[in-house]
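Structure for the following, please:
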Amino acid sequence: MEMIASAPVCRHHVVRIATRRHSEFVDVTERLRALVADAGLRAGFVNVQSLHTTAAVVVNEHEPLLLDDFDALLERAAPRGGIYAHDDPRERTVNITGGERINGHGHCRALLLGASAGLNVVDGVLELGRWQRVFLAEMDGPQERQLSVVIVGESAR
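This is a model prediction of the structure:
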């Protein structure tokens, strides 16, 4: 039996997303599948990372009522109209820029969710469970967002 060596794959992409609402779950699964296919990856992994502190990356079901429930849960955990020291210019002394948004709630929500997700690729396919989808979770929109996507593994070519 002849062994065919496969070449290593290492690719980086920036996925740009324009969110439309203050709080929103943007399904990026098909974009990630296309990047994996384009890379010609046979086996490996994809790391998806938000480049923002008020946006997260989550994996769950794309079911509208579930997403509404989760949005309501986040509102209870970190209410938009709540009081946050991050938003008080008398208290906060670091990382201040002009024209900042009042977004302590968005930072707290994103901290609960996490900035990245690592996903496996098996036999050239992004391995997700039956109902799993990958989302950018917007916590302070609408805004222009970016996801850093790194694809690493062995080539199918």
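
What's the per-residue pLDDT of the closest residue to residue 127 other than its chain neighbours here?
Taking C-beta to C-beta, 6 or more residues apart in numbering, and ignoring the residues beside it in sequence, residue 127 has residue 120 as its nearest neighbour in space, at 4.4 Å. Quick note: C-beta positions are derived from backbone N, CA and C, even for glycine. Here, the pLDDT recorded for residue 120 equals 98.

and the host helix or strand of residue 9, how far out from the chain's middle?
Using DSSP states H and E, the secondary-structure element containing residue 9 is strand 8-18. From the chain centre to the centre of strand 8-18 is a distance of 12 Å (C-alpha atoms, centre = their mean, to the nearest Å).

Quick one: list the elements packing against it.
If contacts are counted by 3 or more C-beta pairs under 8 Å, 6 or more residues apart in numbering; DSSP states H and E, strand 8-18 sits against helix 29-39, strand 144-155.

any idea how far residue 99 is from the spatially most central residue of the chain?
The centroid of the chain falls nearest to residue 57 when counting by C-alpha atoms, centre = their mean (2.5 Å). When distance is defined by C-beta to C-beta, to the nearest Å, residue 57 is 27 Å away from residue 99.

now do residue 149
Computed as C-beta to C-beta, the residue 149 to residue 99 distance reads 30 Å.

Neighbour count for the two, which is higher?
More crowded of residue 149 and residue 99, by other C-beta atoms under 10 Å: residue 149, with 21 against 4.

pLDDT score for that one?
The pLDDT attached to residue 149 in the predicted structure is 98.

And for residue 156?
Residue 156 is given a pLDDT of 72.

ok, it touching residue 42?
Yes - using C-beta atoms under 8 Å, residue 156 is in contact with residue 42, at 3.6 Å.

Dump the helices and strands packed on strand 8-18 to JSON lines, plus distance to residue 81.
Below are the helices and strands packed on strand 8-18 laid out as JSON lines (distance: least, C-beta to C-beta, whole Å):
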{"stretch": "helix 29-39", "distance to residue 81": "32"}
{"stretch": "strand 144-155", "distance to residue 81": "23"}
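
which residue packs closest to residue 154, ignoring adjacent ones?
Take residue 154 and drop its neighbours on the chain: the residue closest to it by C-beta to C-beta, 6+ apart is residue 6, 4.4 Å away.
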